[in-house]
Structures are given as structure tokens and as C-alpha cells.
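Undergrad: Pasting the sequence and the predicted coordinates here, then a few questions.
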Amino acid sequence: MGTSKRLAAHYDMRAQHQAILAAARAGPLQSLTDRELRLREQPVTIYPQPYRAVRVWVRFGPEAVLVDAKLARSTPLAAGVEFRAGDQTYRCWVWGNAVTVDAADA
């Protein structure tokens, strides 16, 4: 019996949400600090909706997870992203090189 290609994206999303929720149990979502971001010294770009789709590495405690996210803001070196798992929306700042623009959105 084959699998439904139509449902593959749904199952991928569910698996990613489960991975996020499991990683969230390992510790709090980490974000860059104010000292690292230097927002008083760096220009910040805030993107209007719809946000750009990206893939980004985020860290919950010691656990790193690759997630589908939306780019909400950026500086020359960092990106502010948001992503969902279950009913929870997560937001954090990551280094720019942790982010890859989604090929479908490029």
C-alpha cells in the first residue's frame, strides 16, 4: 500500500511540531541577547505580513531543531523569527547564518 503524496506535507508538519514540543521539554527557547543584537547600533528591518518563509535552526536548552518559520525582522547579522507548534507561537532572535530562505518562497 502506498502513501498519499497529498498528505505528506501534513505528516511532515505534524512530525516537526512533535520534534519542537519534545525539544521544548529539554529547556527554554534560546534567543540572542541584547548585547549580541546591539539593536541601538544596528538598523532593524521589520517585515510586513505575509512574512517570508524560512528554515531556521533554533535551540531549546541543549536541543537544536530545524524548523519552518517566518522571518519577522532582521539586522545585518541576525534574524527575528517566529514559528508554531500546537497552540504555541515561539519567537526568538538567531544568527543570520542559521536561516535559509525556503526554496518555494525564493
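TA: Thanks, I have it.
Undergrad: can you give me the strands for this protein?
TA: Listed in chain order, the strands found in the chain under DSSP state E are 45-46, 52-60, 63-74, 78-85, 88-95, 99-101.
Undergrad: looking at these, which is closest to residue 26?
TA: strand 63-74 (4.2 Å; C-beta to C-beta). Where you see a C-beta, it was placed from the backbone N, CA and C, and this is true even at glycine.
Undergrad: Sheet partners, orientation included, of that closest one?
TA: strand 45-46 (antiparallel), strand 52-60 (antiparallel), strand 78-85 (antiparallel) (DSSP bridges).
Undergrad: which helix of the protein spans the most residues?
TA: For the chain, the longest helix by residue count, based on DSSP state H, is helix 5-24.
Undergrad: In contact with the residue nearest the centre of the chain, which residues?
TA: By C-alpha atoms, centre = their mean, the chain has its centre lying nearest to residue 69, at 3.9 Å. For residue 69, the contact set (C-beta atoms under 8 Å, 6 or more residues apart in numbering) comprises 53, 54, 55, 56, 58, 81, 82, 83.
Undergrad: One more: residue 25?
TA: Residues in contact with residue 25 (C-beta under 8 Å, 6+ apart) are residue 60.
Undergrad: where does the protein have low pLDDT?
TA: 1-4, 9-12, 50, 102-106 (pLDDT under 70).
Undergrad: do that again at 80, thanks
TA: Applying pLDDT under 80 to the chain picks out residues 1-19, 21-24, 50, 102-106.
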